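> Pasting the sequence and the predicted coordinates here, then a few questions.
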Amino acid sequence: MSDGVLAAIIAATATVFAALVQLKASFAREVAARARSPATRSKSRLPQLVIAVMLVGAGVCGFALSQWIADHRRAAQDLVTAELRARIEQMSRTEGRLTGAYDEIESSVLRNIGLQGVVVTASVAPCKPAPVATPALYESTVEASDPPASPAVAPPSGGCTEADATPVTLCATIPAAATVNDVELYVRAADSDASWVASRVMPGQEAAQARFADEPTEIADDATAKQVCERFVQWSTEHGRVARVVVRYTL
């Protein structure tokens, strides 16, 4: 048997012995109390009444203390909730002001862009003429003494026409609520250093075998934007062209 188990047995034996002694003493006091007179018996009940009053008072005080602590916690929670609501409202107002400022700044930027114009450029390569079909050679059905038939010679290929050229569409994206004020059209040779001011053309005007459409077209892009498009075609076989479209609008 280990020392720990032995010590536990000794402690348990001592506890049981002490409990038996206390039980005997209590039994003896109970017998003596029964043998006393009624006056003495009533006097012996006074401490019990005092203890009972103390217990009831302790219970009432404990309940009152618990209620006070609960009310204090509830008041603290209400205060924290009120502060959080006030901060949320302040953040909402700040967000609203920032959103309004952002919208105003965005509108101002878009208006400035509209005054300066949205620029779109495209480089178009020289037009390649369509190949000319060569007539087929026919076999000679004459006698061998006849001279052989000479092959037909294909005519020289011609240049491109406006119908042969492939059109290019240039589109500028602007706000959906914008009103188009002007669409400026420019075209110049790809290897030219001429200024754009000197290269401006009118809608539908032919300029060095190149032409823009008569009118621009507007295409809805989404709820916040739309596109202003111009059709351009060039049929020169010697030089490429650079087309430039400037769309000016107001908001």
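Sure thing, it's come through.
> can you map out the strands along the stretch 51-200 of the chain?
Per DSSP state E, counting those that start in this stretch, the stretch 51-200 of the chain carries strands over the ranges 118-124, 168-175, 179-189, 200-201.
> okay, the ones you listed, which one's buried deepest?
Per-residue neighbour counts averaged over each of the strands of the stretch 51-200 of the chain give the maximum for strand 168-175, namely a mean of 18 (mean count of other CB atoms under 10 Å). For glycine as for every other residue, the C-beta is placed from the backbone atoms N, C-alpha and C.
> who does it touch, helix- and strand-wise?
For strand 168-175, the contact count by 3 or more CB pairs under 8 Å, 6 or more residues apart in numbering; DSSP states H and E identifies strand 118-124, strand 225-234, strand 241-250 as packing neighbours.
> residues making contact with it?
Contacts to strand 168-175, defined as CB atoms under 8 Å, 6 or more residues apart in numbering, come from residues 110, 114, 118-122, 124, 180, 219, 221, 224-233, 243, 245, 247, 249, 251.
> which regions of the stretch 51-200 of the chain sit below the pLDDT cut-off?
Along the stretch 51-200 of the chain, the parts satisfying pLDDT under 70 run over 51-52, 54-55, 57-58, 62, 130-158.
> switch the cut-off to 50
136-156 (pLDDT under 50).
> that older thread, of the contacts of strand 168-175, keep whichever come out buried.
Taking 16 or more other CB atoms under 10 Å as the criterion, what is buried in these is 110, 114, 118, 120, 124, 180, 226-230, 232-233, 243, 245, 247, 249.
> who does Ala172 bridge with?
Beta bridges link Ala172 to Val228 when assigned by DSSP bridges.
> Next, Glu238: secondary structure please.
Per DSSP: H, G, I helix; E, B strand; the rest coil, the local secondary structure of Glu238 is coil.
> Which residue, other than its chain neighbours, is closest to it?
Take Glu238 and drop its neighbours on the chain: the residue closest to it by CB to CB, 6 or more residues apart in numbering is Pro126, 6.2 Å away.
> ok, the one you found touching Trp235?
No. The criterion here is CB atoms under 8 Å, and Pro126 misses it with Trp235 at 9.0 Å.
> pretty sure Asp214 belongs to a strand, no?
No. Assigned with three-state DSSP, Asp214 falls outside any strand and is coil.
> and the nearest residue to it once chain neighbours are set aside, how far is that from Glu95?
Here the nearest residue to Asp214 in space, its sequence neighbours aside, is Gly204; by CB to CB, 6+ apart that works out to 4.1 Å. Using CB to CB, to the nearest Å, Gly204 is found at 51 Å from Glu95.
> Kindly report the same for Ala70.
Distance of Ala70 to Glu95, given as CB to CB: 37 Å.
> Arg231 now?
Computed with CB to CB, the distance linking Arg231 and Glu95 is 45 Å.
> Let's check: the centremost residue of this structure is which one?
The centre of the chain sits closest to Thr99, judged by CA atoms, centre = their mean, with a distance of 15.5 Å.
> What residues does that residue make contact with?
Taking CB under 8 Å, 6+ apart as the criterion, Thr99 is in contact with no other residue.
> returning to that earlier point: reformat the strands of the stretch 51-200 of the chain as TSV; add distance to Arg87.
Formatted as TSV, the entries for the strands of the stretch 51-200 of the chain read as follows, by distance: least, CB to CB, whole Å:
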stretch	distance to Arg87
strand 118-124	43
strand 168-175	36
strand 179-189	43
strand 200-201	59
